[in-house]
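Participant: my questions concern the predicted model and sequence given below.
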Amino acid sequence: MPSPDLAAVRFDDVAAHHPDPAFPRFHPRPAQGWINDPNGVSFINGRYHVFFQYNPDSARHHRIAWGHVSSADLVRWEEHPVALRPQHGGPDEYGCWTGVVTDDGGVPTAAYSGVRGDGGHSQVVIARGSEDLVHWEQTGHVAASMPDDGQVTAVRDPFIFRFNGKRYAMQGAGLANGHAALLLYTVEDMSDWKYQGIWLTSENPVASEFTPAEIWECPQLVRVPDASAAAGDSGTWLMMFSLWLSGDAHEHANGVGHLIGSLTEHPETGLPVFTPRGGGKSDHGRDFYAPQVAALEDRALLWGWANEGPGRDGRRGRSQDEIDTAGWAGVLTFPRELSVVDGALAVSPAPEIDAYRGRLAASQAAGTVQLPPFAEALVTAGGGTDAGGGTDAGGGDTAVELVLVGDGARQTVFSGTIEPGEELRVFVDASLVEVYRAGSVATTLRAYPAAGEEWQLLLPAGATAEVWELGQPS
């Protein structure tokens, strides 16, 4: 029997009893405290593990630890005790920042950015975990320090990848010339990373177009399924960055971007070479940042962070006083599957999320459609024929809108076009909205219904919606 302080807590119990109507019921997080970047996303010993930046003591970004949730099926989640904490006098005394978890010879191992003091440079700190990833030993071992390279002015957020049977790591960085960069390491020994130099920068013309930043935060590099790949090809390489600019203050105006390309081995050094050929925005919402991707045997799964905020793009937000009163801040997205379709990134909710479909609230609904406060709507565009059997001759409105309505006021939360044959999946979980367009990237938004307000979908002519109330599977 685990001791009471180490016993797992079922998230659906936490959500069901939470007093704040804006608190999500289907996106696991602790009942109180600040959370941000997902970390250590992994599938080890039959369970999915998602760690995250966490301040259990307040709803503010300070003295960051690692929280931890896990699931066997991506549907039923359990919250575990805090995994990593800042160690007094250690290399992470100011915070255990973003990092990854990997299986190192059968031992779950975390590699994360540790900062000794406010304003200090981060170092890669190693911690070893138990088989169930609940108990962690923090010895303060540093595997990589700030490189002795005058061009590098900032470094953070280690990520580990494998290529041609070898293990490598990279970190996001900022350079003295104002450009963002990736630093490359060889990792034969997890406790001793070997710096190989600046690997890629935002001076690259493709990177400059699609991933402009002063620092590339939370860098990711995974191979994802490609619908157009030749038989036997295991996929296309995807790089993803959170695009940091000075003065961001958690607003992250540049959002998250990605590059699609190839990974080859340099004929002389044997080191990997990434060659980008395209890219784009990784999410169309203003409330999405710091995603992490787990490269699994047959798919790549992503989680991202949706921040609270003062109200972006005209949406009603929450003030810092309101956030402090609520006692919590930050949500993680649904797990998302990544693929490449026709040379572009496609993002869809993991199929397991279908298990949350409960009561069918509406079928073949048209026009203005009322949504439950926790809902999924599958919107299908008509083939040029309106819901009454007539024909939309073209040039008409093709916008789907998600709005909050109450007391004679209307707030538009999402608006996007839908073309004949297209589908949109719209999820509402209290204050978190996720919209998925088949063959494209998602849109992540936060909005806070006031007392008496309801969610409505406004559909163009010819479009219909199936609506389910979200519920925990029995």
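Facilitator: Yep, it's here.

Participant: got the phi/psi numbers for the closest residue to L402 other than its chain neighbours?
Facilitator: The shortest distance from L402 to any residue other than its chain neighbours is 4.1 Å, reached at F414 (CB to CB, 6 or more residues apart in numbering). From N, CA and C alone the C-beta is placed, and that goes for glycine too. With angles defined as degrees, to the nearest 10, F414 sits at phi -140, psi 140.

Participant: hang on, F414 packs against V433?
Facilitator: Yes. Between F414 and V433 there is a contact at 6.2 Å, judged by CB atoms under 8 Å.

Participant: overlap of the contact sets of these two?
Facilitator: With contacts defined as CB atoms under 8 Å, 6 or more residues apart in numbering, the residues shared by F414 and V433 are L402, V426, T443, L445.

Participant: which single one of those residues is nearest to D354?
Facilitator: Minimum distance to D354 across the shared contacts of F414 and V433 is 14.5 Å, recorded for V426 (CB to CB).

Participant: now the closest one: how far from L432?
Facilitator: As defined by CB to CB, to the nearest Å, V426 lies at a distance of 12 Å from L432.

Participant: what lines up beside the helix or strand that contains L445 in the sheet?
Facilitator: Secondary-structure assignment from DSSP states H and E places L445 in strand 443-446. On the basis of DSSP bridges, the sheet neighbours of strand 443-446 come out as strand 432-437 (antiparallel).

Participant: so for the partner strand, mean pLDDT?
Facilitator: Summarised as a single mean, pLDDT over strand 432-437 is 97.

Participant: over to stretch 295-304?
Facilitator: Per-residue pLDDT values across stretch 295-304 average out to 94.

Participant: count of neighbours near E268?
Facilitator: By the other CB atoms under 10 Å criterion, the neighbourhood of E268 contains 6 residues.

Participant: please apply the same query to T380.
Facilitator: If you count neighbours by other CB under 10 Å, T380 ends up with 18.

Participant: distance of it from G439?
Facilitator: Here T380 is placed at a distance of 14 Å from G439 (CB to CB).

Participant: next one: A295
Facilitator: Taken as CB to CB, the span from A295 to G439 is 21 Å.

Participant: more crowded one of the two?
Facilitator: A295 (20 against 16).

Participant: where does the residue nearest to that one when sequence neighbours are not counted sit: helix, strand or coil?
Facilitator: Distance criterion CB to CB, 6+ apart; nearest residue to A295, sequence neighbours excluded, is V222 at 4.0 Å. V222 carries the three-state label strand when classified by DSSP: H, G, I helix; E, B strand; the rest coil.

Participant: now the spatially most central residue of the chain: which helix or strand?
Facilitator: With the centre of the chain defined as its mean C-alpha position, the nearest residue by CA atoms, centre = their mean is G304, 1.2 Å away. Using DSSP H and E, G304 sits in strand 300-306.

Participant: report the distance from that strand to the chain centre.
Facilitator: The offset between the C-alpha centroid of strand 300-306 and the centroid of the whole chain comes to 3 Å, using CA atoms, centre = their mean, to the nearest Å.

Participant: adjacent strands (with direction) for whichever strand or helix holds W216?
Facilitator: Element membership for W216 (DSSP H and E) is strand 215-224. When pairs are called by DSSP bridges, strand 215-224 turns out to pair with strand 236-244 (antiparallel).

Participant: tell me the helix or strand right after the strand it pairs with.
Facilitator: Secondary structure here is assigned by DSSP H and E; on that basis, the next helix or strand after strand 236-244 toward the C-terminus is strand 256-265.

Participant: quick revisit: which ones are touching the residue nearest to A295?
Facilitator: By CB under 8 Å, 6+ apart, the contact set of V222 is F161, W237, L238, V293, A294, A295, A300, L338.

Participant: export those to JSON lines and tack on distance to D12?
Facilitator: What follows is the contacts of V222, written out as JSON lines (distance: CB to CB, whole Å):
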{"residue": "F161", "distance to D12": "34"}
{"residue": "W237", "distance to D12": "37"}
{"residue": "L238", "distance to D12": "32"}
{"residue": "V293", "distance to D12": "26"}
{"residue": "A294", "distance to D12": "23"}
{"residue": "A295", "distance to D12": "29"}
{"residue": "A300", "distance to D12": "27"}
{"residue": "L338", "distance to D12": "27"}
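
Participant: thanks a lot, catch you later.
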